[in-house]
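J.: Next one to model:
(one chain, ligands or ions: 1)
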Amino acid sequence: MPQLGFGVWQVPDDEAETAVATALEAGYRSIDTAAIYGNEEGTGKALAASGIPRADLFVTTKLWNSDQGYDATLRAFDTSLAKLGLEYVDLYLIHWPLPSRGRYVDTYKAFEKLHAEGRVRAIGVSNFLPEHLERLIGETSVVPAVNQIELHPHLQQHAAREYHAQQGIATEAWSPLGQGKGLLEVPAIVAIAQKHGRTPAQVVLRWHLQLGNIVIPKSVTPSRIAENIDVFGFTLDTEDLAAISALNEDRRLGPDPATFDMG
Ligand code: NAD
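T.: Residues are numbered from 1 along each chain as shown. So this is what the prediction gives:
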């Protein structure tokens, strides 16, 4: 899986086609969508129109909450695959654990079937806390390849990252730029950007990459799409990394996975 990909949350279907096409032209090969984003069709159209060989692309989609459960998962996967216009997806994720509903183990067993059939190359989860992963690992056979969680300098997720490392699960950061809000104006980040002749977004993405996180920044602006993938030509030093690591506030922008129960 490429360590840097392109996310399409909140991008309407018709705009997703253009945005994904722009991203593919800029060199991205990994695309992160989800059934609930409502843009699997637009994403699929851009993938098909690109002419890039399927084997060079890495496509992730996610099972929405209302489709959890063994049979419902299999049906939802067929729908996602048809909308994407693909024969397989590279990574399929359970979008949220919804612990109060108690269905993620059954859901994941359907994922294991899809994996065994080769219609999904790798299976994983999103927004799972270590306690959810522990139960899943105890009751199923395939350790999730990835846990995609909210992760940025204001929410550094030390405990989750450590648990993932112990279990051999890759950590994927959603909202890696903190949704672009205050984070990119934080003086410490602006100063590091000036020092390297880079932008704050590039510095934050570089911080993730050097920590070993997978990142999927989103933008619909062509110049930013290009900027966000141009992060392989410089390196943050230990002082820079320490200054960014000091920004942790354990502050979520999104919901708490322990209680989130929508959809
Ligand atoms: P992000 O951290 O990628 O920030 C995106 C926003 O930052 C943009 O809308 C734009 O306003 C700004 N931005 C982007 N590039 C910039 C640049 N170079 N300079 C200045 N500002 C810039 O936030 P996100 O979209 O929430 O997260 C990225 C992806 O993660 C999503 O598209 C989606 O694929 C995934 N995601 C997953 C979940 C989940 O529950 N699994 C939840 C949220 C997001």
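J.: Look up the closest residue to Arg161, ignoring the ones flanking it.
T.: Thr171 (5.2 Å; Cβ to Cβ, 6 or more residues apart in numbering). To be clear about C-beta, it is placed using only N, CA and C from the backbone, and glycine gets the same treatment.
J.: and the one you found, what are its bridge partners?
T.: Beta-bridge pairing for Thr171 (DSSP bridges): Asn147.
J.: for it, what are its contacts?
T.: Contact partners of Thr171, counting by Cβ atoms under 8 Å, 6 or more residues apart in numbering, are 146-147, 149, 151, 157, 160-161, 164-165, 212-214.
J.: thought Asp106 was touching Asp71?
T.: No: counting by Cβ atoms under 8 Å, Asp106 sits too far from Asp71 to count as a contact (9.1 Å).
J.: And stretch 256-263, what's buried?
T.: 257, 260 (16 or more other Cβ atoms under 10 Å).
J.: And it, end to end?
T.: 15 Å (Cα to Cα, to the nearest Å).
J.: can you check stretch 92-99 too?
T.: End-to-end for stretch 92-99, by Cα to Cα: 19 Å.
J.: again, but for stretch 1-19
T.: End-to-end distance (Cα to Cα), stretch 1-19: 20 Å.
J.: Point out the residues in the stretch 101-250 of the chain that sit beside the ligand.
T.: Residues of the stretch 101-250 of the chain found near the ligand (Cβ under 6 Å from any ligand atom) are 126-127, 148, 174-180, 184, 199, 201, 216-219, 224, 227-228.
J.: could you check whether the helix or strand hosting Thr43 is close to the ligand?
T.: Take DSSP states H and E as the rule and Thr43 turns out to sit in helix 40-50. No: judged by Cβ under 6 Å from any ligand atom, helix 40-50 and the ligand are separated, with a smallest distance of 10.5 Å.
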